[in-house]
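Asker: I'd like to go over a predicted model; first the sequence, then the structure.
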Amino acid sequence: MARRPSPSQRLLTAARWPVGVGLTSWRYLWRLTPVDRWEWSGSQHDDAAPELPPGVSLEDLQRPEDGAGALVHRLYRVRIRGSPLGSDELVSRLGDDLNEVAPSEFARFEKVHGQQGELQAGDEYVVRMPGPWDGPVRVVERTPCSFRLATLAGHLEAGQIEFRVRSRDRALEFTIESWARSGDRLSDLLYSHLRLAKEVQLHMWTSVLERIVELSRGHRHGPLAIVTRRIAAEGERSEGEGERGEGDGQHERGKPSDRRARRALVQLEGRSLNFDPDARHLFTPDNGWHLDDMTRPLPGEPSGPPVEDGSWQIVRQLMLDYQVADPHLVRATYRHGAPLAGRDMLLEIRYRGLRLHVGVRVGDVYDETRTVDGRDARVFGWGYRTLEGHFEQGELHYEVWKWLDTGAVEFRLHGFSRVADSGPLLLRMGYRLIGRRNQLDFYRRACRRVAQFAQAQLELERSSGG
């Protein structure tokens with residue numbers, strides 16, 4: 001059977017377009033299912049698509065390297081309690097008829113190659129959607145508790161998607177995990193810039209999760225979890241990602257503003273601090289200094305030293321990559337090849353359309369065990385200090401703590417600051433008027449962002465674990 005639909009099928013698809021999109025949009029707006037949703041920048045090492053199984057036909061496959069734009073690694077998960085089905089039984093029921101969980105007003109699966117009945121490796125389907133967006137796919141792997149599809153030529157995306165279920169803690173965890181780029185530049189425009197396809201896709205797969213709960217004859221336990229990690233295309237900068245500076249051994253193409261930022265970074269090398277860090281006895285509220293301490297609980301771990309891939313290690317890496325700051329408020333340019341201690345960073349502070357560039361320098365970096373009130377804690381942290389030309393002066397420390405007796409993990413932020421004695425007068429006046437309020441907002445967002453990142457990363461770790 002040909003993948004290309006017949007004229008009558010095309011006419012039916014076109015007729016469904018306004019009704020399907022309208023109904024889908026209505027349901028999206030009135031969705032009541034709670035969803036935990038996180039979006040972060042990713043890395044090629046952690047977020048690349050898995051290798052194809054041996055013996056898979058490569059004919060017409062549309063792999064991520066064949067696509068356009070950013071690589072998006074996305075995970076959708078629902079936890080189900082009270083289902084009479086086992087993991088393999090649920091996957092078998094799903095494989096018998098994919099349309100049982102597909103949102104029929106928007107998409108239907110049609111098998112075009114392979115025997116009718118439960119899906120097997122080598123089967124091919126076309127996902128019929130309103131408009132010109134039919135999506136051909138091939139089953140590249142089938143196990144008792146999972147199956148994986150790869151996109152074929154003509155699909156909106158280039159990549160793979162896997163459906164799997166695991167029994168864990170007296171519940172079923174059903175996960176949909178995808179690794180894909182846009183199939184071409186037009187698809188990338190719809191997804192990355194107009195955001196239309198992105199939100200429709202999100203609605204589609206969350207609808208599938210809801211229908212899988214119904215298929216299992218159980219009930220949803222907790223909110224749906226959606227994690228997105230995005231690897232920027234060449235010459236593009238991901239939100240939350242520190243821009244590499246010159247001298248890190250990599251050639252980068254960037255916008256002129258990015259190149260100017262890298263040149264400004266070089267100029268920081270000759271600047272001194274705009275305060276004396278040895279005069280700490282003078283850093284008091286009476287002298288105009290603000291002293292700040294914030295603590296945010298993170299997902300806990302078993303007692304003892306930090307565990308591999310636990311929240312302490314996750315946040316430690318987040319701090320090393322300087323993804324602590326909300327990129328809508330602050331972005332950083334720095335040399336990735338330079339040691340963290342002594343690293344110069346050019347911060348771009350964003351406020352109501354303004355872009356203010358200031359310099360800081362990393363001072364102490366520490367990874368140690370501390371004893372506080374008779375309790376031991378493993379602490380990793382580092383702090384940066386303001387340089388000449390900054391409208392603020394002071395020092396800010398980021399730390400992740402793990403209490404070894406209980407396994408409790410915390411993110412801590414503490415520092416001291418005040419308006420600078422020198423630097424651009426207008427910026428210093430602005431800081432006196434509104435700077436403190438925005439500074440505290442930045443601190444709160446940083447604490448919240450770290451906690452959300454740790455939870456999102458742990459969701460991905462659960463996905464890759466046994």
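Answerer: Thanks, I have it.
Asker: Let me know the outermost residue of the chain.
Answerer: Note on the chain: the largest C-alpha distance from the chain mean falls to Asp286, namely 42.3 Å (C-alpha atoms, centre = their mean).
Asker: Tell me which residues touch Val56, please.
Answerer: Going by C-beta atoms under 8 Å, 6 or more residues apart in numbering, Val56 touches Ala121, Val140, Glu141, Ala150. C-beta here means a position set from N, CA and C on the backbone, and glycine is covered the same way.
Asker: er, Asp66 actually
Answerer: Under the contact definition (C-beta under 8 Å, 6+ apart), the residues listed for Asp66 are Ala158, Gly183.
Asker: For it, grab phi and psi.
Answerer: Geometry field for Asp66 lists phi and psi as phi -90, psi -10, criterion degrees, to the nearest 10.
Asker: need the helices for the chain, in chain order.
Answerer: For the chain, applying DSSP state H gives helices covering 7-29, 44-47, 87-96, 185-188, 196-216, 256-267, 311-320, 425-430, 436-464.
Asker: Which secondary structure elements does the longest one sit against?
Answerer: Using 3 or more C-beta pairs under 8 Å, 6 or more residues apart in numbering; DSSP states H and E as the contact criterion, the elements in contact with helix 436-464 are strand 35-41, strand 68-81, strand 171-182, strand 224-231, strand 290-298, helix 311-320, strand 409-419.
Asker: now these as JSON lines including mean neighbour count?
Answerer: Converted to JSON lines, the helices and strands packed on helix 436-464 look like this (neighbours: other C-beta atoms under 10 Å):
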{"stretch": "strand 35-41", "mean neighbour count": "17"}
{"stretch": "strand 68-81", "mean neighbour count": "21"}
{"stretch": "strand 171-182", "mean neighbour count": "22"}
{"stretch": "strand 224-231", "mean neighbour count": "21"}
{"stretch": "strand 290-298", "mean neighbour count": "15"}
{"stretch": "helix 311-320", "mean neighbour count": "22"}
{"stretch": "strand 409-419", "mean neighbour count": "21"}
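Asker: can you put those in CSV and add distance to Arg361 and mean pLDDT?
Answerer: Shown next, in CSV, are the helices and strands packed on helix 436-464 (distance: least, C-beta to C-beta, whole Å; pLDDT from 0 to 100):
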stretch, distance to Arg361, mean pLDDT
strand 35-41, 24, 77
strand 68-81, 32, 91
strand 171-182, 38, 92
strand 224-231, 29, 86
strand 290-298, 20, 95
helix 311-320, 16, 93
strand 409-419, 14, 94
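Asker: Which one of those lies nearest to Ala49?
Answerer: Within the helices and strands packed on helix 436-464, the stretch nearest Ala49 is strand 171-182; the backing value is 3.6 Å (C-beta to C-beta).
Asker: For the residue farthest from the centre of the chain, give its distance to Glu269.
Answerer: Using C-beta to C-beta, to the nearest Å, one obtains 35 Å as the distance from Asp286 to Glu269.
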